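J.: Quick one, fold the following:
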Amino acid sequence: MDSKTTILIVDDDFAMRKFVRLAIADDHRIIIEANNALDALHLVKQRSPAIVLLDLGLPGPHNGFTLLEALRKDPAYHKVMVAIISGWDQEEDVAQARRLGADAYLVKPLSLQRLVDTVDELELGHNNFSLIQPVLC
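T.: Below is the predicted model:
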């Protein structure tokens, strides 16, 4: 029996979590969700996802950078693949995410195909940092 990949979506926007979940869902993935950094960290410890799709602008005292830094500092979670999905598109945000160890950075609004392709690449273990620009209509 093939094992399933657990993917954690972390975003405070329910509609965005639903969009991402529907875009990446398939038979070999288990999708879990959190709407803040503390709940996400709890789920990481409890469920050990292979991939975290992380918004930076989370409510409360801890944002996405805080969670990314916590994951990268803990040897138990160092290999978790992390893709940032954020509307924060400033150079300093992208640079900080890269410095903290993000594997990819997708800027909202998202292209469905780019999202799926990025998750597929992360699932294969490809971690060459990439910046995916927003889709402009």
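J.: Pairing-wise in the sheet, spell out the partners of the residue nearest to the spatial centre of the chain.
T.: Centroid check for the chain by C-alpha atoms, centre = their mean gives Leu53 as the closest residue, at 1.4 Å. Beta bridges link Leu53 to Ile9, Ala83, judged by DSSP bridges.
J.: my guess is it meets Val20, correct?
T.: Yes. Assessed by C-beta atoms under 8 Å, Leu53 is found in contact with Val20 at 6.0 Å. All C-beta spots, glycine's among them, are computed from the backbone N, C-alpha and C.
J.: so what sits against both of these two?
T.: Listed contacts common to Leu53 and Val20 are Ile9, Asp11, Ile85; contacts here mean C-beta atoms under 8 Å, 6 or more residues apart in numbering.
J.: Top of the residues you listed by number of neighbours, please.
T.: The most crowded member of the shared contacts of Leu53 and Val20, judged by other C-beta atoms under 10 Å, is Asp11 (26 neighbours).
J.: returning to that earlier point: ok, the residue nearest to the centre of the chain to His28 distance?
T.: Leu53 sits 16 Å away from His28, going by C-beta to C-beta, to the nearest Å.
J.: Would you mind measuring from Asp55 to Ala15?
T.: 12 Å.
J.: what's the residue lying closest to Leu115 once chain neighbours are set aside in contact with, if anything?
T.: Leaving out its chain neighbours, the residue that sits closest to Leu115 by C-beta to C-beta, 6 or more residues apart in numbering is Ala23, at 5.3 Å. Contacts for Ala23 (C-beta under 8 Å, 6+ apart) come out as Leu112, Leu115, Val116.
J.: so where's this protein uncertain?
T.: 1-2, 127-137 (pLDDT under 70).
J.: After the helix or strand hosting Arg17, heading C-terminal, what element do we hit next?
T.: For Arg17, the host element (DSSP states H and E) is helix 14-24. Sequence-wise, the next helix or strand downstream of helix 14-24 (DSSP H and E) is strand 29-34.
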